[in-house]
Every structure is written in structure tokens, then in C-alpha cells.
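Q: A structural model of the following input is requested.
(2 chains)
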Amino acid sequence: MSTVTIVRTGAANLASVAAAVERCTGAPPEITSSVRSILSAERLILPGVGAFGAAMASLTSNQLVEPLRDRLRSQRPTLAICLGLQLLATTSDESPGVRGLGIIDVPVKRFGTTQRVPQMGWNSVTSDPGFEPRINGHVYFANSYRLEECPEGWQAAWSDYGGRFIAAIRRGSVVACQFHPELSGQLGERLLRSWLTQPVSGALAC
Amino acid sequence: MLTRRVIPCLDTNAGRVVKGVRFHSLRDIGSPVELALEYQRQGADELVILDISATPQDRRTHVDLVSAMRRSLSIPLCVGGGVREVEDAQRLLEAGADKVAVNSAAVLRPELITELADKFGSQCIVVAIDAAGGAGSWSVVTHSGSAPTALNAIAWATAANQHGAGEILLTSIDRDGTRDGYDLPLTSAVVAAVHCPVIASGGASTPQHLADALAAGADAVLAASMFHDRNYSIADVKALLTSRGFEVRP
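A: Coordinates of the predicted model:
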């Protein structure tokens, strides 16, 4: 397996993500906010815990916004987790006025008032035909915001919490999960392993 | 559909898992890492680890323990005990916690909840409330059950949620370790008062007790002795909950 780089986003459960990667690859991932490392990373993980606005401010101050956009647009192997997925959007209810990475054109919205927020725990996920690897089972969520539609050109896996929402989206080697694969037991580990072992070269057609 | 969670709790003191009755009479249960792995294997949905030791040296042991657990755990880990400021939470998160529980320090200074939620997100911040007293007049007890306050437990749960708590870990001091079942009126009252998830804790000794707490509205149930003593496995509990119509992760 190739080397894995995790973006240091300030406040995230980096240790859990790093431990999960190490269980899969046998080697500790690099955790960094260096532009050079992120540009050259073979496989990049964009974790996220915290608020949309604060995370964008952290990426901006580390001059990571453009490198990440380039990487995502050219579909180089990138895994975005939880808030990481939401950062791909342009706007979020969580931080009005803050612009996200703008890779997908679907707004991030807060769960409705009929639900307890945050959504906390294991929810069932079903993937659309064509979404590989198929996800069919329970994974762990901890989120107050979510996407309600699949962005154009992406494939989706879905869950339900007071209405259908996006559990994961995928385009080429870019995978973005609203749930936490690093905390989702054996199923999460299988998904992580699948992303970690897919050929890097297959990702460059854009 | 979001499933209800079954959460074993490990109280630790100086690097070992211990268990008391009404927060006293501690007895040794075993190695935290071994127990955590065993509960993960049995199907635990999450683990809560509360450091009940008091010395700074033991606190450092606790951080090391969190790192050791993290290496093998692929389920969420909520860690509490001695979190007084943002830096304490940061240290635990960096060691491998996914959520941090605050208790006494938040009662003394509720703004701590907001500071933590602003930095790490509400989904990361659990406010643990230890409550005592009869129906309708529950009050908050701090410092591992040793310091009664005049604060109304229901009002405090509401305020903690408003300050940014993403979850309430609600323990009945009167029931803790008694094996008499959860304080169901207390659980229902807190569930009705907040918009975030509520974990019921204190007093469970049978799978039916856990079902009762879920029926009272709890989103998750926490138990210690019944699992530590191997009276029931997590799988036993989930089988009963499923038969009672509750959705759980298989």
C-alpha cells in the first residue's frame, strides 16, 4: 500500500483516523499542514471535526484552499471525512457567508427540528447501484448538518434521519463520507482498506 | 434508521478499571485495554472511559491509556474525568478520544461547554450530569458524587444543551451500582428537556433495565457492572432489545 497523508485541520479526531490507517497499512500516516506535502501526497485524507467556518479559516491561513481544490478537481485519491465532506460544498447553514471549497454544488443544511441534533450513533446506509465499494450496513455518524441531494457527476450512498441524506459520495478516486469510517468497526475498516488499495494511477482521467 | 446504542462504561483509577457502589467502595475489575477490546468484539456501539482518580500523575496515566486503547479500537471512544479547560480536552482528543465528557468544571463555569463546542464542535462535547433526589426535585451532584449542589438537574441539562452540549450523559447517583434499574422518571424528564441525545446511566443490571430506559426515551444506554461481572454480554442485551422492538446495530 502507498503512503497516506492526513491534513492537519486544527481540531479533529486525528488520532482515531491515524490509528485506523495504521491498522490497515501497518505504517503511521504523515499528519501535516504543509502545502508541499499536500500537493505531493499519494493518498490524502481530509478529516474534519468542528465548525465549517473555523475549518475553512484554518485551511485558508495554511494556504491549503487552492492545493485542495486542484487535487479534488483532478480527482487525485482523496478521502474526506464528516466535516471534510461538507467542506467540498460552497455554503453551509453552519457558517453563513463563509465559502467552502466549492467542488460540489449542493448546500449543506442543518437537520430538521423534529430530530435530535447532533445525529449521534450508528445508522444504516445503502449505496446506489454503481457506487463502489457497496456499502450495506451500519456506520457511525456524529453530525448536525448534511447534504440532501447527490451532486451532479457523483455517485452516492444514502442514509435516513428525518429524511434521506447523503452518507457518502464518490467521483473517481475522491470519496467523501458523512460518517466516520475510522469509527465504524469492521465495515468502516473494509471501506478504508478498499480506498487505500485502489490503484493511484486510475485516478488521473478527468 | 438510527439505532439505539449500548455503551459499556469503564471507570478507571491509576490505570485500572474499577467499579463502585454509589461512587464508593471501589473494586478492581481489570485491564482497560483488554476490557475495551472484549466489549468491541461483543458488539459495543461505543465506549465511555471515565477517569475517577484524583492525582496529576494518574491523569497522565489516563492520557497514555487513551492512546493505547485507540490503537486497537475501531468504535467511538468518549473520555472524561478531570477536564477543566480546553487544553485538557485537547490532550485527550490528541491521544485518541473522539468525544470528551465534562462534569464538575462545567457546573462551576458553564462557559467551558461553549468554549469546547466552539473549538471542537458540539458533536464532540458530552456533558455528564450526576443527579440525585426524588421525582421532580433532582439536583446536581459534582466531584464524583461527593459534592451536592442546589442546582436543579433538569434545568442544568437544558442550560448545558443551550451552551453547546452535543450529548447528555445522565447518571442517577441514587441508582449507581445498586442493580435496581435506571431512574426512569429522571431519564424521561431530561429527554423532554433537551434537543440533543441522552445516554441513561446508573443502576442497570439486566437487559430489561436497558429496554426500560430506551422506552423512557433514552437514545443510548450505559452500563458497567452487568458487563464487567459477565452476567450478560452485549450480544445478550442486543437480542433482548431487538425482541422488544428497538433497532440496534447487529
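Q: so what are the sheet partners of whichever strand or helix holds A:F141 and their directions?
A: A:F141 belongs to strand A:136-143 when assigned by DSSP states H and E. Strand pairing for strand A:136-143, using DSSP bridges, gives strand A:119-127 (antiparallel).
Q: assign the nearest residue to A:P28 once chain neighbours are set aside to helix, strand or coil.
A: Excluding its sequence neighbours, the residue lying closest to A:P28 (CB to CB, 6 or more residues apart in numbering or on different chains) is A:E22, at 5.2 Å. Quick note: C-beta positions are derived from backbone N, CA and C, even for glycine. With DSSP: H, G, I helix; E, B strand; the rest coil as the basis, A:E22 sits in helix.
Q: contact partners for residue 5?
A: Picking chain A for this. Contacts for A:T5 (CB atoms under 8 Å, 6 or more residues apart in numbering or on different chains) come out as A:29-32, A:37-38, A:41-45.
Q: um, chain B though
A: B:R5 neighbours (CB under 8 Å, 6+ apart): A:120-122, B:45-46, B:199, B:219-221, B:248-249.
Q: what about 6 Å?
A: A:121, B:45-46, B:220 (CB atoms under 6 Å, 6 or more residues apart in numbering or on different chains).
Q: give me the subset of these lying in strands.
A: Among these, DSSP state E puts A:121, B:220 in strands.
Q: for A:R164, give its distance to A:V139.
A: Counting by CB to CB, to the nearest Å, the gap from A:R164 to A:V139 is 15 Å.
Q: in the strand holding A:F141, what's buried?
A: By neighbour count on 16 or more other CB atoms under 10 Å in any protein chain shown, the buried set for strand A:136-143 is A:137-143.
Q: just these now: which is nearest A:A55?
A: Using CB to CB, the shortest approach to A:A55 within those belongs to A:N143, at 13.4 Å.
Q: A:P151 looks like it's in a strand, true?
A: No: using three-state DSSP, the assignment for A:P151 is coil, not a strand.
Q: just list what the longest helix anywhere in chain B packs against, helices and strands only.
A: In chain B, ranked by residue count with DSSP state H as the criterion, the top helix is helix B:56-72. For helix B:56-72, the packing partners by 3 or more CB pairs under 6 Å, 6 or more residues apart in numbering or on different chains; DSSP states H and E come out as helix A:14-25, helix B:32-42, helix B:86-95.
Q: neighbouring contacts of whatever helix or strand comes next after the shortest one?
A: Towards the C-terminus, the helix or strand next in line after helix B:86-95, according to DSSP H and E, is strand B:99-102. In this structure, residues lying in contact with strand B:99-102 by CB under 6 Å, 6+ apart are B:78, B:80, B:83, B:89, B:92, B:124, B:126-128, B:169.
Q: pairing partners for strand B:99-102, with directions?
A: Its sheet considered, strand B:99-102 pairs with strand B:77-80 (parallel), strand B:125-132 (parallel) by DSSP bridges.
Q: could you export the ones you listed as a markdown table, including distance to A:Q178?
A: Output for the strands paired with strand B:99-102, formatted as a markdown table (distance: least, CB to CB, whole Å):
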| stretch | distance to A:Q178 |
| --- | --- |
| strand B:77-80 | 20 |
| strand B:125-132 | 19 |
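Q: can you redo these as TSV with mean neighbour count and mean pLDDT?
A: Shown next, in TSV, are the strands paired with strand B:99-102 (neighbours: other CB atoms under 10 Å in any protein chain shown; pLDDT from 0 to 100):
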stretch	mean neighbour count	mean pLDDT
strand B:77-80	26	96
strand B:125-132	27	97
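Q: circling back: out of the helices and strands packed on helix B:56-72, nearest to B:I52?
A: Short answer: helix B:32-42, nearest of those by CB to CB, at 12.3 Å.
Q: report the distance from the closest one to the chain centre.
A: On the basis of CA atoms, centre = their mean, to the nearest Å, helix B:32-42 sits 16 Å off its chain's mean C-alpha point.
Q: which strands and helices lie in contact with it?
A: Counting contacts by 3+ CB pairs under 6 Å, 6+ apart, helix B:32-42 packs against strand B:5-13, helix B:56-72.
Q: output those as CSV; include the columns mean pLDDT and distance to A:A55.
A: Formatted as CSV, the helices and strands packed on helix B:32-42 follow (pLDDT from 0 to 100; distance: least, CB to CB, whole Å):
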stretch, mean pLDDT, distance to A:A55
strand B:5-13, 95, 27
helix B:56-72, 88, 22
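Q: return the residues in contact with the spatially most central residue of chain A.
A: Of all residues in chain A, the one closest to the mean position by CA atoms, centre = their mean is A:A80, 2.1 Å from it. Residues counted as contacts of A:A80 (CB under 6 Å, 6+ apart) are A:46, A:176.
Q: what's the answer for the one 4 residues further on, then?
A: A:G84 is in contact with A:46-48, counting by CB under 6 Å, 6+ apart.
Q: the residue nearest to the centre of chain A is in what secondary structure piece?
A: Assigned by DSSP H and E, A:A80 belongs to strand A:78-81.
Q: any idea of the mean pLDDT in that strand?
A: Across strand A:78-81, the average pLDDT comes to 96.
Q: ok, then the element right after it?
A: Strand A:78-81 is succeeded, C-terminally, by helix A:83-87 (DSSP H and E).
Q: ok, back up a step: from the chain's centroid, how far away is the strand holding A:A80?
A: The chain centroid and the centroid of strand A:78-81 are separated by 4 Å, computed with CA atoms, centre = their mean.
Q: ok, it: who's next to it in the sheet?
A: Counting by DSSP bridges, the strands paired with strand A:78-81 are strand A:43-46 (parallel), strand A:174-177 (parallel).
Q: can you name the residues in contact with the first one?
A: Contacting residues not belonging to strand A:43-46 are listed as A:2, A:4-7, A:77-80, A:84 [CB under 6 Å, 6+ apart].
Q: assign B:L50 to helix, strand or coil.
A: strand.
Q: neighbours of it, how many?
A: Neighbour count of B:L50, defined by other CB atoms under 10 Å in any protein chain shown: 22.
Q: so where's chain B shaky on pLDDT?
A: B:21-24, B:54 (pLDDT under 70).
Q: one more time with 90
A: Judged by pLDDT under 90, chain B has its weakly predicted residues at B:13-15, B:19-27, B:52-62, B:82, B:118-119, B:134-136, B:143-146, B:176-178.
Q: most centrally placed residue in it?
A: Short answer for chain B (CA atoms, centre = their mean): B:L169, at 4.9 Å.
Q: and chain A, which residues reach chain B?
A: A:11, A:13, A:15-16, A:19, A:49-50, A:116, A:118, A:120-123, A:138, A:140, A:142, A:161, A:183, A:185, A:189 (CB under 6 Å from any CB of the partner chain).
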